[in-house]
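In: Here is my input; please provide its structure:
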Amino acid sequence: MPYKDPERERENARKRTARWRQRQRERMAADPEYAAEVKARRAEDDREYYEANRDRKIAYQRDYYRDHRDHYLVQFRQYHVDHADDRNAAHRQWHAEHRDEQNAKRRERSRHEYRADPRKVNDYQKAWRAAHPELARAYVRLSIHRRRSQIAGEHITAKQLFALFEAHGNRCFYCGTTGRMTVDHRVPLSRGGTNSLENLVPACRSCNSMKHDRTDDEFRDYLARYGRPVKDEATGTGTTDPEEREGPSRRDPPAA
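Out: A predicted model of the protein is given here:
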């Protein structure tokens, strides 16, 4: 019998296998029914093999992961970075679709924690408000805004609230003063206004209290008529000292 080189035989076998696989791929691409049959047969063979060798497969996978853990962690972190936008969009979509359900669960969890230890909850909230005064005041403003927003069916978030204030330079939309701001509707809800961002502006407490159910244009006319400071559209500023204001008090009714 002539001598056969084992390495050459293995190389020929690999080539024959590669040619068979190529023919299979071409046939499956040309015949969808045959491709579906092959895939179903492979899936069934894989299930039978897994059931017959389940413990061995699990042990092998566990050992392989342990030996290559660092490599997998690098891949996981890179995938996390590459698909951050898609994942965040999916999370936002899910939370938007289940907002009421999640809010109800959070409220029930908060009630349970308060019933279990009210002092602990109160101490935590007091410490949090002391550490985050601006955010705490924003949440109070938002809670009032959301109660009123039930009329119009819209509300804004704390992030949108801070962005609204920053967009106006943290100044009152009407008089240009700085300081603690509230949220005001340019067109009041009682007169058909909405809670959309386009209808919301920052306003100091004094202006918000005096405005009542006036529109923004009507209130600016009111301020000008009584000699009160009005925000300069060119500079975006007005007086920053409440003591410099002249005219009627916010509690005074307008003159006839």
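In: show me where pLDDT drops low in the stretch 51-200 of the chain?
Out: Low-confidence segments of the stretch 51-200 of the chain, defined by pLDDT under 70: 144-155.
In: now do 50
Out: Applying pLDDT under 50 to the stretch 51-200 of the chain flags no residue at all.
In: Which stretches in it count as strands?
Out: With DSSP state E, counting those that start in this stretch as the criterion, the stretch 51-200 of the chain has strands at 181-185, 200-204.
In: can you tell me which of those strands comes nearest to A40?
Out: Of all the strands of the stretch 51-200 of the chain, it is strand 200-204 that lies closest to A40, at 58.8 Å by Cβ to Cβ. Where you see a C-beta, it was placed from the backbone N, CA and C, and this is true even at glycine.
In: Each with direction, which strands does the closest one pair with?
Out: According to DSSP bridges, the neighbouring strands of strand 200-204, each with its direction, are strand 181-185 (antiparallel).
In: which residues are contacting the partner strand?
Out: For strand 181-185, contacts defined as Cβ atoms under 8 Å, 6 or more residues apart in numbering pick out 141, 145, 161, 164-165, 170, 172-173, 193, 195, 199-205, 207-208, 211.
In: Take these and keep only those in helices.
Out: Of the positions in the contacts of strand 181-185, R141, H145, L161, L164, F165, R205, C207, N208, K211 sit in helices, assigned by DSSP state H.
In: Please identify which of those residues is nearest to R107.
Out: R107 lies nearest to H145 out of the ones in helices among the contacts of strand 181-185, by Cβ to Cβ, at 18.4 Å.
In: ok, the residue nearest to W128 when sequence neighbours are not counted to S143 distance?
Out: Closest residue to W128 in three dimensions, ignoring its sequence neighbours and counting by Cβ to Cβ, 6 or more residues apart in numbering: A136, at 7.3 Å. Counting by Cβ to Cβ, to the nearest Å, the gap between A136 and S143 amounts to 11 Å.
In: How about R62?
Out: When distance is defined by Cβ to Cβ, R62 is 50 Å away from S143.
In: Could you do G227 as well?
Out: Summarising the geometry, the distance separating G227 from S143, computed by Cβ to Cβ, is 35 Å.
In: With E113 instead?
Out: With the distance defined as Cβ to Cβ, E113 ends up 19 Å from S143.
In: ok, back up a step: neighbour-wise, which of the ones in helices among the contacts of strand 181-185 leads?
Out: In terms of neighbours by other Cβ atoms under 10 Å, those top out with C207 at 25 neighbours.
In: Pull the contacting residues for that residue.
Out: For C207, the residues meeting the contact criterion (Cβ under 8 Å, 6+ apart) are C172, F173, Y174, C175, D184, F219, L223.
In: Could you check what's spatially nearest to the first one, not counting adjacent residues?
Out: Beyond its immediate neighbours in the sequence, the residue positioned closest to C172 (Cβ to Cβ, 6+ apart) is C204, lying 4.1 Å away.
In: how many other residues sit next to Y174?
Out: For Y174, the neighbour count with other Cβ under 10 Å is 27.
In: actually V187, sorry about that
Out: 17.
In: What separation do you get for the residue lying closest to it once chain neighbours are set aside and P32?
Out: Take V187 and drop its neighbours on the chain: the residue closest to it by Cβ to Cβ, 6+ apart is G193, 3.4 Å away. Note on G193: its distance to P32, by Cβ to Cβ, is 59 Å.
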